[in-house]
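Asks: Provide a 3D model corresponding to the input given below.
(3 chains)
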Amino acid sequence: MLNKEKLAADLTAIREKSPLVHNITNYVAMNFTANALLAVGASPVMAHAVEEMEDMTAIAGALMINIGTLDKQWVEGMLAAGRAMNNRGGVTVLDPVGAGATPYRTQTAWKIINECHPTIIRGNGSEIMALVNANVKSKGVDSSAASSDAIESAKMLAKQTGAIVTISGATDYVTDGERTEQLTNGSPMQTLVTAMGCTASSMVAAFAAINPDPFEASLHAMALMGVVGELAAKKSAGPGSLLTNFNDLLYTITPEELINTVRQ
Amino acid sequence: MLNKEKLAADLTAIREKSPLVHNITNYVAMNFTANALLAVGASPVMAHAVEEMEDMTAIAGALMINIGTLDKQWVEGMLAAGRAMNNRGGVTVLDPVGAGATPYRTQTAWKIINECHPTIIRGNGSEIMALVNANVKSKGVDSSAASSDAIESAKMLAKQTGAIVTISGATDYVTDGERTEQLTNGSPMQTLVTAMGCTASSMVAAFAAINPDPFEASLHAMALMGVVGELAAKKSAGPGSLLTNFNDLLYTITPEELINTVRQ
Amino acid sequence: MLNKEKLAADLTAIREKSPLVHNITNYVAMNFTANALLAVGASPVMAHAVEEMEDMTAIAGALMINIGTLDKQWVEGMLAAGRAMNNRGGVTVLDPVGAGATPYRTQTAWKIINECHPTIIRGNGSEIMALVNANVKSKGVDSSAASSDAIESAKMLAKQTGAIVTISGATDYVTDGERTEQLTNGSPMQTLVTAMGCTASSMVAAFAAINPDPFEASLHAMALMGVVGELAAKKSAGPGSLLTNFNDLLYTITPEELINTVRQ
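Replies: Modelled structure (predicted):
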């Protein structure tokens, strides 16, 4: 079960400590992700040059690697950062965007898993299934599977890699391969704001920077994303306003509102 | 003349079929374009790595190539994707951003035209004129010519390349070299939201993914952009709110509102 | 002292002349920066390919170089553009994002200073201090120092480089090494909108494109950023709405409102 006191404490801790989150993320997501991290109280940095990966991971509280708009040069930066973070014993979150859509994406995700040993992997249903079963095809970067269809794949992936695996969707799941928790907040309109999932991965990294338990950090970050998404959607005429209201609410939400709205 | 029933049917078809639109676009446009495509009901993917162009075009309903922030590596991806899409007989839309501003842009646009044979070319007045007449200079990426000044150039470009050519501006024009249609919706405030034109090109690609007639697809996409821009501008204090209202209205507009507001 | 008549005249001049501002900026900032420049009346272009730097700087009213998401290929473009602009005697603004966070950033900023001789350098407190004192460490890209702590460093940097140096923060400072002016408008909420500082640098470039005095241009641009930020924050529930209201107000603010709200 989700511990509501710990959830509230983590939100407060992010606002007090303002952890530095190093993101190597896709071009589509960068602006929204940086704004969401600032709104919640964290300090984002986007950097991908091989020349500074060692130095940047050394000052970061957590690293988030997202392959959404990957290419050869960027993959070099991702691997350099992930290896450096792993060597330091720090936290890396992997977001395998579009795994299953092209072999290049699936292979790159596995290369990062094998060389960088991410602490947490967060994806949609299709992506998690595609990492486990090479025959699963994704439709671009949007999920063609329900998150619930991916639970067994997520457990297998967690056991195989040692990572906490999070599936986002209508219901969010967090598993370590044995224990699985779910969250049912959120709004379908969130799927119409680009990079909502990518931003969730960076939010997981922010929580993992202040909570040493990656299972809890994942669960708490997804709880915040779902609650804020749900509350923001209620005041939004469409996905344009949802983006604005989402960032406003990340800033204004109190720990009390968060724990009073979260549902499992 | 615009067929209003077909226009309404295309909007409905996008929402029902949610076509995958593969965008190789500029860094400025990516977020807005992805959000606009999601809001209207399409499924955007942004990908540019040569390694996955063959696989990504194979699952995409249409490809949009935009040279707004081009460089050598990206042009390789553009050419690989455009050739792959052409070999499959699929639809490619070219947006020659800044053609005429620098020789590099004009030459790259022509390289893409010659090697990838785009189905549709969409630009502003200056860009279309610069593709036809090397002596025309653009001022950066904003048009220094009225769209009406570019009609003859557009016809010549259509005849020369076999592409449908669309000029956006105060009046939008679509031509195949023989037949030319115009649309007069829109708001001057749209020119103050960056990447409005780039997003129009991706919208054209979304319509072309569900309508096999590229002339109709271009006309219908531009009709939607103009109508939504006009309605959104009416409720907007400035270009900041226009961006938000534009994405909201792409999501809420009904086929009836669309055909009742469109003007030729 | 700030000359309010000249401030008002500069805002009017930007709207009348719509100067072309060439930005080589980071991926996070591009969309907001382009929208802010359009909203105030300037014409932004983003371009970084070495192949077109000579041609693009030749048509630009000013160049802004921002190292926020630098890598080897981009640094080549930055140096090519900065050298070309310097050879033409044009204005270059440097934004040394994250100087002090990694040696790669500090070194690249100095390389650009030494090879391109920027007319204006704008950074936050940490960045300006790190350029002068290699022992100063930044926390990522957010400032860990108050702007007032950096005044002496700014003066030294101005004397050493010949550039006008601007520090943004709770109080903004502009110095040529001898004369120093300050501005006290703004809102703390502005620090929660990503790329607010990067956009300030591009705004400085826009003002420098129409005002030949780089000290005045810097002061006037920072005055506008502070006043608009302060007015926008008053109507904003959080950083999401602030972004929207900021771009709306850049478009609607009158020269009178600007000079009636500015404070030194």
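
Asks: Give the next helix or strand downstream of the helix or strand containing residue A:57.
Replies: If you go by DSSP states H and E, residue A:57 is part of helix A:50-59. Per DSSP H and E, the first helix or strand lying C-terminal to helix A:50-59 is strand A:62-66.

Asks: so what secondary structure elements neighbour that following strand?
Replies: Counting contacts by 3 or more C-beta pairs under 8 Å, 6 or more residues apart in numbering or on different chains; DSSP states H and E, strand A:62-66 is packed against strand A:20-24, helix A:72-87, strand A:92-95, helix A:196-210. In this view, the C-beta of every residue, glycine as well, is placed from N, C-alpha and C.

Asks: one step back: does the helix holding residue A:57 reach chain C?
Replies: Yes - Helix A:50-59 lies within reach of chain C by C-beta under 8 Å from any C-beta of the partner chain, at A:50-52, A:55-56, A:59.

Asks: and that helix, does that touch chain B?
Replies: No - for helix A:50-59 and chain B, the contact criterion (C-beta under 8 Å from any C-beta) is not met; the two come no nearer than 15.3 Å.

Asks: and among the helices and strands packed on strand A:62-66, the most buried is which?
Replies: strand A:92-95 (a mean of 31; mean count of other C-beta atoms under 10 Å in any protein chain shown).

Asks: which other helices and strands contact it?
Replies: strand A:62-66, helix A:72-87, helix A:103-116, strand A:120-124, helix A:196-210.

Asks: how far is the fourth one from where the chain is centred?
Replies: Taking C-alpha atoms, centre = their mean, to the nearest Å, one finds strand A:120-124 lying 6 Å from the centre of the chain it belongs to.

Asks: likewise the second one?
Replies: Its chain's average C-alpha position is 18 Å from that of helix A:72-87, according to C-alpha atoms, centre = their mean.

Asks: Only alpha carbons, please: show stretch A:147-162 as CSV.
Replies: Coordinates of each C-alpha in stretch A:147-162 appear next as CSV, following Å, rounded to 0.1, in the frame of the first residue of the first chain:
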residue,chain,number,x,y,z
SER,A,147,-1.1,-0.7,-19.1
SER,A,148,-2.8,-3.7,-17.5
ASP,A,149,-1.8,-5.9,-20.4
ALA,A,150,1.9,-5.2,-19.6
ILE,A,151,1.9,-6.2,-16.0
GLU,A,152,3.5,-9.7,-16.5
SER,A,153,6.1,-8.2,-18.9
ALA,A,154,6.9,-5.5,-16.3
LYS,A,155,7.5,-8.2,-13.6
MET,A,156,9.8,-10.2,-16.0
LEU,A,157,11.7,-7.0,-16.9
ALA,A,158,12.1,-6.1,-13.3
LYS,A,159,13.4,-9.6,-12.4
GLN,A,160,15.7,-9.7,-15.4
THR,A,161,17.3,-6.2,-15.0
GLY,A,162,17.0,-5.6,-11.2
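
Asks: What are the buried residues along it?
Replies: Judged by neighbour count using 16 or more other C-beta atoms under 10 Å in any protein chain shown, the buried positions of stretch A:147-162 are A:147, A:149-151, A:153-158, A:161.

Asks: sorry, back to before: tell me the mean pLDDT for the helix holding residue A:57?
Replies: The pLDDT scores in helix A:50-59 average 98.

Asks: Next, the buried residues of it.
Replies: Buried-residue list, helix A:50-59, by 16+ other C-beta under 10 Å: A:50-57.

Asks: how big is the angle separating it from strand A:20-24?
Replies: For helix A:50-59 against strand A:20-24, the angle by axes from the mean of the first three to the mean of the last three C-alpha atoms, to 10 degrees is 150 degrees.

Asks: what is the orientation angle of helix A:50-59 with strand A:62-66?
Replies: Using the same axes, to 10 degrees: helix A:50-59 against strand A:62-66 is 140 degrees.

Asks: for helix A:50-59, packing partners?
Replies: Right, helix A:50-59 is packed against strand A:20-24, helix A:72-87, helix C:103-116 by 3+ C-beta pairs under 8 Å, 6+ apart.

Asks: In chain A, spot the helix with the most residues.
Replies: In chain A, assigned by DSSP state H, the helix with the most residues is helix A:214-234.

Asks: ok, that one near chain C or not?
Replies: No - Helix A:214-234 does not reach chain C (C-beta under 8 Å from any C-beta); its nearest approach is 8.8 Å.

Asks: okay, the angle between that helix and strand A:62-66?
Replies: Using the same axes, to 10 degrees: helix A:214-234 against strand A:62-66 is 60 degrees.

Asks: anything in helix A:214-234 near chain B?
Replies: No - using C-beta under 8 Å from any C-beta, helix A:214-234 stays clear of chain B, coming no nearer than 11.8 Å.

Asks: in whichever helix or strand comes after that helix, what counts as buried?
Replies: The helix or strand immediately downstream of helix A:214-234 is helix A:239-252, counting by DSSP H and E. Buried residues in helix A:239-252, counted by 16+ other C-beta under 10 Å: A:239-251.

Asks: Same check on stretch A:140-148?
Replies: Result for stretch A:140-148 [16+ other C-beta under 10 Å]: buried residues A:140-145, A:147.

Asks: contacting residues around it?
Replies: A:68, A:97-98, A:101, A:124-127, A:129, A:136-138, A:167-173, A:191, B:20, B:22, B:43-45, B:59-60 (C-beta atoms under 8 Å, 6 or more residues apart in numbering or on different chains).

Asks: Please list the members of these that lie in helices.
Replies: Using DSSP H, the contacts of stretch A:140-148 in helices are A:125-127, A:129, B:59.

Asks: Might one say that residue A:108 is in contact with residue A:75?
Replies: Yes - using C-beta atoms under 8 Å, residue A:108 is in contact with residue A:75, at 5.7 Å.

Asks: Give me the common contacts of the two.
Replies: In contact with both residue A:108 and residue A:75: residue A:67, using C-beta under 8 Å, 6+ apart.

Asks: follow-up on the earlier one: what two of the buried residues of stretch A:147-162 are the furthest from one another?
Replies: A:149 and A:161 (19.7 Å; C-beta to C-beta).

Asks: is any part of stretch A:97-108 close to chain C?
Replies: No - applying C-beta under 8 Å from any C-beta, one finds stretch A:97-108 out of contact with chain C, separated by at least 15.7 Å.

Asks: Residues touching that stretch, excluding its own?
Replies: A:26, A:66-68, A:70, A:75, A:96, A:109, A:123, A:126-127, A:129-131, A:134, A:136-141, A:197-198, B:45, B:47, B:49, B:51-52, B:55-56, B:59.

Asks: If you average the pLDDT over stretch A:167-179, what comes out?
Replies: Rounded mean pLDDT across stretch A:167-179 is 98.

Asks: For the stretch 1-150 of chain A, which residues are neighbours of chain C?
Replies: Close to chain C, as judged by C-beta under 8 Å from any C-beta, the stretch 1-150 of chain A has residues A:20, A:22, A:27, A:30-31, A:34-35, A:38-39, A:43-52, A:55-56, A:59-60, A:73, A:77.

Asks: could you redo the ones in helices among the contacts of stretch A:140-148 as CSV and give each row distance to residue C:81?
Replies: Output for these, formatted as CSV (distance: C-beta to C-beta, whole Å):
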residue, distance to residue C:81
A:125, 45
A:126, 42
A:127, 39
A:129, 46
B:59, 38
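
Asks: Direction-wise, compare the helix holding residue A:57 with helix C:72-88 and give the angle.
Replies: Using the same axes, to 10 degrees: helix A:50-59 against helix C:72-88 is 110 degrees.

Asks: ok so residue A:181 is a helix residue?
Replies: No - Residue A:181 is assigned strand when assessed by DSSP: H, G, I helix; E, B strand; the rest coil, not a helix.

Asks: Isn't it up against residue A:151?
Replies: No - the pair residue A:181 / residue A:151 is not scored as a contact, 11.3 Å apart, by C-beta under 8 Å.
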